[in-house]
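*Asks:* predicted model and sequence follow; I will ask about them next.
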Amino acid sequence: MNAEWLNNIFYLSPLLVLAATSIFVLLLHAFHPNGSKWWVLGLSFAGLTISLITTVQLWYLDPRYLFNEAIKVDHFSLFFTELALFLTFLTYLTSYPSIKQNLFPVGEFSFFLLSACMGMSLMAWASDLMTLFLSLELMSISAYVLTGFRKDRLSSIEGALKYFLLGAFSTGFFLFGIVLLYACTGSTQFSSIGYFLMNSQFTIPAIFYIGIALLIIGMGFKIAAVPFHMWVPDVYEGAPTSVTAFMATAVKAASFSAIIRLFLVPLLSIKANWEIIIFVLAIATMTVGNIAALVQNNIKRMFAYSSIAHAGYILIALTAVNSQIFNLSIGAMLFYLLAYGLMTIGAFSVLIYGTAAQERNNLNDYAGFGFQYPYLGLAMTLFMASLIGLPPTAGFMGKFYIFSSAINAQLYGLAIIGMINSVISSYYYLRVVVVFYMKERQIEQPKLIFSPAITWVLVITAAGTLLLGILPTGFFRMITSSVASLL
Amino acid sequence: MEHNLLSILIFLPLIGAVTCLLWPSAWKNSLKSAAVMISLIEFSLSLLLLVYFDPATYQVQLTQKIPWIQQLGTSYFVGIDGISLWLVLLTTFLTPIVIFSATVTQYQKAYLSCFLLLETAMMGAFLSLDIILFYVFWELMLVPMYFIIGVWGGARRIYATLKFFIYTFAGGVFMLLSIIFLVYFYHAQFGTFSTSLLDLYSVRLPYDSIRFINPQNLLFLAFAVAFMIKVPMFPFHTWLPDAHVEAPTGGSVILAGVLLKMGAYGFLRFAMPLFPESLKYFSPWLIALALVGVIYGACLALAQKDLKKLVAYSSISHMGIVMLGLFVLTSNGVTGGIFQMLSHGLSTGALFMIVGMIYDRRHTKEIAAFGGLTKVMPRFAVFFLIVTLSSIALPTTNGFIGEFLILTGSFERQPIYAILGGTTVILGAYYMLWTYQRVMFGPIRHSENKGLLDLNWQETVSLIPIIVFIFWMGIYPKTFLKPMEKSVDYLIEHYERYELGIVEKTT
């Protein structure tokens, strides 16, 4: 055990803590299935907290590569680790009512949630294609299982199976892409790939580009870009709502972090060649997502399509990345992922509150909800306003930055299409507010039980949405240092 | 105190709105009085503006600048000048009247706090000198108005409010794209980031007088479209009849009284000073659209059978003449335009209140359902007549001063503008007096009208201040015209000297 080894362990501590906690709580629940749930929950929260503390400690150290450049620990990875931990924490809180009602076996749920969190963090740390693949699989398999947790509902099992089959298929594409890249460059490390590209400007073999295209397909599935989005509505509708929120925010964030690490650092020099794919993907994703959401009556499906659309907005910033506005565009993506995470989990929490007593996902069943439960209505209005992009919320700041990057890259057409999509999206977000406040009560609203856990989530996400919209400077600084450490 | 006055004016109604929302149900009866009290305090504080305002300079006064987002150079920058002074006072004047005369009983807490939140947004929009801050308040205005129309409105309220919101929001987001471009252009030209309006006035945007597609034109168009939707100018006026008709009385008053002025103010503060060369290029088109709005709006008003819809179309016509005054860019024209904004706010606000009073009694707004009301409601007839005469610009009322200045200013530019704009005098008189005759004069055609009660003390009290100002502005308009002079002259001077490159950078 030399100092090098100990140092590596220290750098890995956030992930190790998560791994240890997840296995421990699984075993704890396995050996004491009738024991108090509080032990499991408490230990999971403790694990998340310790992981967060170690992440914050690592923030003050210099960036470095570990394990023969398998992972890189820098501000970028730590930002996404903190984001993943935060979103996992919120997901835990929102699942609390389901856990209390014994709908989720708590040990297994904690295990898979924490594994997913670990996979997501590792995706941002990956500086090697194999690590990326490993973490992608870890996150995905945990997500597949989490989708199917409500075994009593057919839609949940169906969603899990769909997600698994399609996800495995797309991972196959991803793996094939890795193989082709390895065939060209002889290495799976990002920096070696970048080095290869810079040294062979004119002799890049065609299969390299095919490899990139396959990688885009694989990652495109994960972020639900059109035309790889067909799984989203069914999976989001079938999964338990807290897991849907988790998938919509955290999985997307992690996937984007992997995309940024892979595509925008080593492959930046040839971006002009693959940019057109992302351009088309961005337009298609935004448009299909928004237009499909217009006609949905099921709230969860509507949110599913809207999350597709939001991935499209982030893809705008991805298209806009070039060496002059590197910081601005990637910073815009990071900010939007953070803002989007907050507002989506907030919106889903209101939904979870409304469906805790009885499952109802049809939008029209919520008529008059806003006046009967004013605070929930107010929170929903805030989140809808943020998703539309009204100031002074986080959604506005995020859209402002994304469109700034598009305009700076002189992609005016893309910016205008993005704006038109924002306007289109305002219709279906406003429809939720209309039903909440402006329609007469059709059916009697069930009495809601006060749940402190979800109330905390609502408070945190609402405060975060307003904070990011009104005082974003601190977050900008954090994001700028994260992006700067990428290179 | 002086330093913070504007911030207090902006945020006091917000505090009031939160107070209203948290008002205990046990004290339900005093809720409305509390809201009226808050808005009256706001009004008295705004009167202090008149004390502190110095009419001898065109500079913005009572400024307050707090850095907000340093990466963009954005700050919380508020200030007031001759153009925004009376608009602010109009806002703080109309809000207590609207809250006082509110007859809504369902969800009253939310209703009153919506108006107070709306007042915050409107004050912020009029007072902000930072373009991002202005955008924040501009979009913020939409949310309370959306609720007011959508929750407490008429039968087609959901359609009307969605149309209003999406239309105005669409204009706003295109304006946002322009703002982003402008901010980054400033950065490219000057090296630092700043979104303060006074700094942005000194940006030299490339302009190519030969080609239509050039940066300044496109940016101007984006801003212009956003403001044209708000005014509303033809052809973006279709949201207005629906929104006005379906809104509750108080909502219509504020919508017509203040929100429409926001579009005109946006032109004066943003679109015109930032892009003078484009303005020159487009001004014949804009004047033409304004004139179309005047004549077409009046013709549409003639054809209406519903009283509220008639007043809504007359709003389009009147805002058309206001925009005519602004676009001819002569001292008389612009001053007249701003003055007419104030007088239109008062007279059309009062008209909507009057329509609301009739509706409260008979639950119909069809003109054919009335007739001969003078016999049963004499006090009401007097108020209605005074407001009608103000609307058609009879001398000694405020409408006359505004229209006279506008027509004089337009004549200075091109006589034909004044001739066409002058048709508003004829058309306006036609439909308003004809309506008045059908509703108030003649025999009582329907027996239901026989038992109508005259105005009660609340309605009288809410109308009297407006009547007072109608005559004050009409007989001694100097009080109102004096503070505007210097700012208007500076605006026109800035426009004329832009091409020569002589632009002062005021901080």
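*Replies:* Yep, that arrived.
*Asks:* elements contacting the helix or strand containing residue B:199?
*Replies:* According to DSSP states H and E, residue B:199 maps onto helix B:197-200. Judged by 3 or more CB pairs under 8 Å, 6 or more residues apart in numbering or on different chains; DSSP states H and E, helix B:197-200 is in contact with helix B:131-140, helix B:157-190. Quick note: C-beta positions are derived from backbone N, CA and C, even for glycine.
*Asks:* measure stretch A:29-43 end to end?
*Replies:* The first residue of stretch A:29-43 is 11 Å away from its last residue (CA to CA, to the nearest Å).
*Asks:* equivalent analysis for stretch A:228-246, please.
*Replies:* End-to-end distance (CA to CA), stretch A:228-246: 19 Å.
*Asks:* on that earlier part again, any buried residues in the helix holding residue B:199, and which?
*Replies:* By neighbour count on 16 or more other CB atoms under 10 Å in any protein chain shown, the buried set for helix B:197-200 is B:197, B:198, B:199, B:200.
*Asks:* show residues contacting that helix.
*Replies:* Outside of helix B:197-200, the residues within contact range by CB atoms under 8 Å, 6 or more residues apart in numbering or on different chains are B:60, B:77, B:129-131, B:134, B:182-183, B:186, B:190, B:194, B:269-270, B:274, B:505-507.
*Asks:* burial count for residue B:296?
*Replies:* 18 (other CB atoms under 10 Å in any protein chain shown).
*Asks:* what score does residue 306 have for pLDDT?
*Replies:* Let's take chain A. Looking at residue A:306, its pLDDT stands at 93.
*Asks:* actually it's chain B I care about, not the one you picked
*Replies:* 92.
*Asks:* with residue B:499 instead?
*Replies:* 65.
*Asks:* where does the prediction get shaky in chain B?
*Replies:* Counting by pLDDT under 70, the ranges of chain B that qualify are B:499-507.
*Asks:* for it, which residue gets nearest to chain A?
*Replies:* residue B:136 (3.9 Å; CB to the nearest CB).
*Asks:* who touches the nearest residue to that residue once chain neighbours are set aside in this structure?
*Replies:* Excluding the flanking residues, the one nearest residue B:136 by CB to CB, 6 or more residues apart in numbering or on different chains is residue A:391, at 3.9 Å. Contact partners of residue A:391, counting by CB under 8 Å, 6+ apart, are A:469, B:135, B:136, B:139, B:140.
*Asks:* please pick the buried ones from those residues.
*Replies:* For the contacts of residue A:391, buried by 16+ other CB under 10 Å: A:469, B:135, B:136, B:139, B:140.
*Asks:* could you dump those to JSON lines with distance to residue B:357?
*Replies:* Converted to JSON lines, the buried ones among the contacts of residue A:391 look like this (distance: CB to CB, whole Å):
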{"residue": "A:469", "distance to residue B:357": "41"}
{"residue": "B:135", "distance to residue B:357": "37"}
{"residue": "B:136", "distance to residue B:357": "36"}
{"residue": "B:139", "distance to residue B:357": "33"}
{"residue": "B:140", "distance to residue B:357": "31"}
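*Asks:* farthest pair within those?
*Replies:* A:469 and B:135 (12.4 Å; CB to CB).
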